[in-house]
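K.L.:
My questions are about this predicted structure, shown below with the sequence.
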Amino acid sequence: MDDEHHLAGRGDETVAYILTLDAINFGSGYFPSLRPVDGRTGYFMVARALRDHFAEQGPMSARELHEITPEKCADLFGQNLDEPDPSELMNHFAKALRDLGALLLEHYEGRFTALVEEADHSASELVEILGGMPLYRDVAHYDDFDVPLYKRAQITVADLHLGLRGEGLGRFDDLDQLTMFADNQVPHVLRVEGILHYSPQLAELIETDTYLKRDSRQEVEIRACGLHAVEQIVDRLHNAGIDTTAMAVDNYLWDIGESPPYTESKKHRTKSTYY
């Protein structure tokens with residue numbers, strides 16, 4: 001959680017920042033169509049724009065979140081609602097932030113810290129609380145059963161832990177219970193490294209920029225198999241005497257995915273509110 005893009009180490013303000021940021025920590029399928037802001041694109045553009053807003057105007061209150069509009073989101077993140085993909089994503093952002101505002105107002109007197117306090121230093125409890133919001137309920141459907149992935153709810157826990165240096169509301173006693181934060185970047189890194197293997201048909205879809213439908217077999221398998229692979233990596237490291245977690249492995253794999261050789265080939269794209 002670098003200071004260039006994030007608001008870390010600022011106590012209650014960091015709690016508000018991270019809950020707000022991770023409420024809209026999705027949109028990778030839309031990112032290629034978004035306008036860069038100050039040379040930044042994707043997640044880092046969103047994180048920095050929100051950090052700048054907090055620095056200039058302070059945290060948005062629960063009431064402000066509850067009443068936010070797509071137009072306000074477009075202004076905040078430098079996007080044009082006349083363009084289809086940015087317009088669709090800003091509508092999703094507004095919905096996610098309104099849901100967070102409603103939850104805070106209805107159950108926590110509008111206090112960001114009260115939401116985290118209710119989890120009582122339990123990562124799994126906070127995931128369950130956040131999972132009550134529709135756009136956090138990241139449960140994929142595969143054949144006749146459900147596949148709970150909860151990418152954003154889990155990464156909110158991780159970001160609170162990192163942003164608060166593991167202290168106060170950033171202390172969670174069961175971080176080892178978190179899985180990989182199933183998205184499109186970590187599976188891509190695993191594929192480049194030869195850990196995941198895609199069928200020729202799936203590889204062709206990705207190389208031709210064909211978007212995978214959310215909850216399609218291919219999309220669910222990529223995310224779930226990536227998650228399973230990270231669990232196996234963690235087990236191997238434990239067997240080698242190295243104390244680590246899926247969260248730490250995920251952070252490492254995601255970070256290296258921002259540089260070559262991983263940026264030289266394509267990862268799958270899905271228009272989703274989960275990652």
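P.N.:
Here it is on my side, so go on.
K.L.:
what's the spacing between stretch 198-211 and its chain's center?
P.N.:
In terms of CA atoms, centre = their mean, to the nearest Å, the centre of stretch 198-211 is found 24 Å from the chain centre.
K.L.:
Any idea how far apart the tips of that stretch sit?
P.N.:
15 Å (CA to CA, to the nearest Å).
K.L.:
Domain map for this protein?
P.N.:
12-176, 185-264 (automatic domain parsing).
K.L.:
any idea which element Asp146 lies in?
P.N.:
strand 145-148 (DSSP states H and E).
K.L.:
brain fart, Ile242
P.N.:
Counting by DSSP H and E, Ile242 is found in no helix or strand.
K.L.:
Tell me which stretches of this structure form helices.
P.N.:
12-23, 42-57, 62-66, 70-76, 84-107, 112-118, 123-130, 151-163, 185-192, 200-207, 217-239, 246-256 (DSSP state H).
K.L.:
among the ones you listed, which is the most enclosed?
P.N.:
Ranked by mean neighbour count, the helices of the chain are led by helix 151-163 with a mean of 25 (mean count of other CB atoms under 10 Å). All C-beta spots, glycine's among them, are computed from the backbone N, C-alpha and C.
K.L.:
Which secondary structure elements does that helix sit against?
P.N.:
Applying 3 or more CB pairs under 8 Å, 6 or more residues apart in numbering; DSSP states H and E, one finds that helix 151-163 contacts helix 12-23, helix 123-130, helix 246-256.
K.L.:
and Ala182, which of those is closest to it?
P.N.:
Among the helices and strands packed on helix 151-163, the nearest to Ala182 by CB to CB is helix 246-256 (9.0 Å).
K.L.:
Run through who's touching the closest one.
P.N.:
With contacts defined as CB atoms under 8 Å, 6 or more residues apart in numbering, helix 246-256 is touched by 154, 158, 161, 175-176, 178-181, 183, 185-186, 189-190, 230-231, 233-234, 237, 262.
K.L.:
Also stretch 61-72?
P.N.:
For stretch 61-72, contacts defined as CB under 8 Å, 6+ apart pick out 20, 60, 81, 87, 90-91, 93-94, 97-98, 100-102, 104-105, 108, 110-112.
K.L.:
With just CA atoms, put that stretch into PDB.
P.N.:
As requested, the backbone C-alpha atoms of stretch 61-72 are provided in PDB (Å, rounded to 0.1, in the frame of the first residue of the first chain):
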ATOM      1  CA  SER A  61     -19.600  10.800   4.800                       C
ATOM      2  CA  ALA A  62     -22.000   7.800   4.800                       C
ATOM      3  CA  ARG A  63     -24.700  10.200   3.700                       C
ATOM      4  CA  GLU A  64     -22.700  11.500   0.800                       C
ATOM      5  CA  LEU A  65     -22.000   7.900  -0.300                       C
ATOM      6  CA  HIS A  66     -25.700   7.000   0.000                       C
ATOM      7  CA  GLU A  67     -26.600   9.900  -2.300                       C
ATOM      8  CA  ILE A  68     -23.800   9.700  -4.800                       C
ATOM      9  CA  THR A  69     -24.600   9.700  -8.500                       C
ATOM     10  CA  PRO A  70     -22.900   8.300 -11.600                       C
ATOM     11  CA  GLU A  71     -22.200  11.900 -12.600                       C
ATOM     12  CA  LYS A  72     -20.400  12.500  -9.300                       C
END
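K.L.:
Pull the distance from that stretch to the chain's centre.
P.N.:
For stretch 61-72, the distance to the chain centre is 20 Å (CA atoms, centre = their mean).
K.L.:
same deal with stretch 154-173?
P.N.:
Relative to its chain's centre, stretch 154-173 lies at 14 Å (CA atoms, centre = their mean).
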